[in-house]
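# Fold the following and give me the result.
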Amino acid sequence: MTQVLPHSRSPSPKTAKLQEPPAKKTKVEGIPLEEVDYANGLHLAPMVRSGALPTRLISLEYGAKLVWTPEVIDRAIIDSQRVYNTSTGVIDYIKPTENKPIWSTHPLERPHVIYQIGSSSPQLAVQAAQTVAGDVAGIDLNCGCPKHFSVHAGMGAALLTNTDNLVAILNALCEALPHKSISCKIRLLGTQQDTIELVERICSTPIKAITIHCRTKSMRPSEPAQHDRLAEVREAIEKMRPDVAVICNGDGNTHKDAQEIMSRTGVNAVMIARGAEGNPSCFNRGGPVKLGAYWLQLAHALDHLFPASKFCTGQLTPFAKYGDIKKKDRSNLNQALSQAKTHEQMAEAYKITLTQDKGLDQPMFDSLRLAIQARQH
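This next block holds a predicted model:
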């Protein structure tokens, strides 16, 4: 059962207890400002397809401070309807012409989720941000994606060489949504001086955080991130805007990796991408855990689309997917999972039973709810 609800409508009684207290608020010219603390923590990076709702929730359960959504192009979300599912508690943004959600979220992640926009237009970026503003903690502008689908339209990494437009979009977002924390994610430029000039231009806007992927646009993911360049860039940002958080992205795949990066670069926040794609429990201080069957149970409880579930579980590392089992058993399980066409068939492969109940009120998700809710107290 679903309902189309305005952003101000409260969740149904079934999921009301999953709603966290509102984020800390102050006053800016009479408008409540939600303050997002980007510093001192590990964050889930925006990942196309892989950064799905179950992955974001598990990342939060195991220690991620903030989670970024996959990039959503501005025009894709504009004019979508906000549909609240009273059974699962999931909020879907759906266009009348589409038969699947453009983006899905849950009230449990609201104080911790940063919505990333792909845009090359100040006007469209604002419309996209205003569409989802009631369900997110902050808005992020993608200025680093080097993929053709993004740069050919002047979005993503194309903004790195069109600084006037980049700044115009950030200023427009900050002006139109003064109650929201605005941030952006960039890459290093070819020279250190160009990079410093770029971040100084960005810091002329009222944004709250900058994530720096320590690779240039032309670098491959297999090439080592250039962490040695970050300290000087961080110092330039701190000199101009000490209130702007600096987040490092690149080659931080585990909690241990992140601590080493912080020590070398002087930043106090690290964004994890590939490590979380392989195992979203990588944020755990005690190390990652096996969670393939748990990911599946969560996806089923949220009525997650099966093709998306199969893709995400397919990206999990062997340990995350099935733990330490015999080679023969691992091969058989992997074959069964790859041939599955439904959540139920995947459950048969894992030799588990999917509950008929939906939503996160079930006992198996107690630790998830409590771990995320504890952040607000």
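
# Only C-alpha atoms from now on, for both contacts and neighbour counts.
Will do.

# So the spatially closest residue to residue 224 that is not a sequence neighbour: helix, strand or coil?
Nearest non-adjacent residue to residue 224, counting by C-alpha to C-alpha, 6 or more residues apart in numbering: residue 251, 7.2 Å away. Three-state call for residue 251 (DSSP: H, G, I helix; E, B strand; the rest coil): coil.

# Now do the same contact list for residue 251.
By C-alpha atoms under 8 Å, 6 or more residues apart in numbering, the contact set of residue 251 is 224-225, 257, 272.

# State the distance from it to residue 235.
Distance check for residue 251 against residue 235: by C-alpha to C-alpha, to the nearest Å, it reads 21 Å.

# Residue 116 too?
Between residue 116 and residue 235 the distance is 25 Å, computed by C-alpha to C-alpha.

# okay, those two: which has more neighbours?
Each of residue 116 and residue 235 has its neighbours counted (other C-alpha atoms under 10 Å); residue 116 has more, 27 against 17.

# Following element in sequence after the one helix or strand that one maps to, please.
Assigned by DSSP states H and E, residue 116 falls within strand 113-118. Per DSSP H and E, strand 113-118 leads on to helix 122-132 as the next helix or strand towards the C-terminus.

# Quick one: distance of the helix or strand containing residue 200 to the chain centre.
Under the criterion of DSSP H and E, residue 200 resides in helix 192-202. Its chain's C-alpha centre and that of helix 192-202 lie 25 Å apart, by C-alpha atoms, centre = their mean, to the nearest Å.

# Quick one: name whatever helix or strand follows that helix.
The element immediately downstream of helix 192-202 (helix or strand, assigned by DSSP H and E) is strand 209-213.

# So which elements touch whatever helix or strand comes next after that next one?
Where DSSP H and E defines the elements, the next helix or strand beyond strand 209-213 is helix 230-240. In terms of contacts (3 or more C-alpha pairs under 8 Å, 6 or more residues apart in numbering; DSSP states H and E), helix 230-240 is packed against helix 192-202, strand 245-249.

# ranking the ones you listed by burial, who's on top?
Among the helices and strands packed on helix 230-240, strand 245-249 has the highest mean neighbour count (mean count of other C-alpha atoms under 10 Å), at a mean of 26.

# now that strand and helix 230-240, what's the angle there?
Angle between the axes of strand 245-249 and helix 230-240 is 160 degrees (criterion: axes from the mean of the first three to the mean of the last three C-alpha atoms, to 10 degrees).

# now strand 245-249: mean pLDDT?
Strand 245-249 comes out with an average pLDDT of 97.

# Okay, now the sheet partners of that strand, with direction.
strand 209-213 (parallel), strand 269-272 (parallel) (DSSP bridges).

# Adding mean neighbour count, write these out as CSV.
CSV is the format used below for those (neighbours: other C-alpha atoms under 10 Å):
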stretch, mean neighbour count
strand 209-213, 24
strand 269-272, 27
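
# Give the rounded mean pLDDT of the one helix or strand residue 33 maps to.
Residue 33 is part of strand 31-34, with elements assigned from DSSP H and E. Mean pLDDT, strand 31-34: 68.

# Next: stretch 94-107.
In this model, stretch 94-107 has a mean pLDDT of 92.
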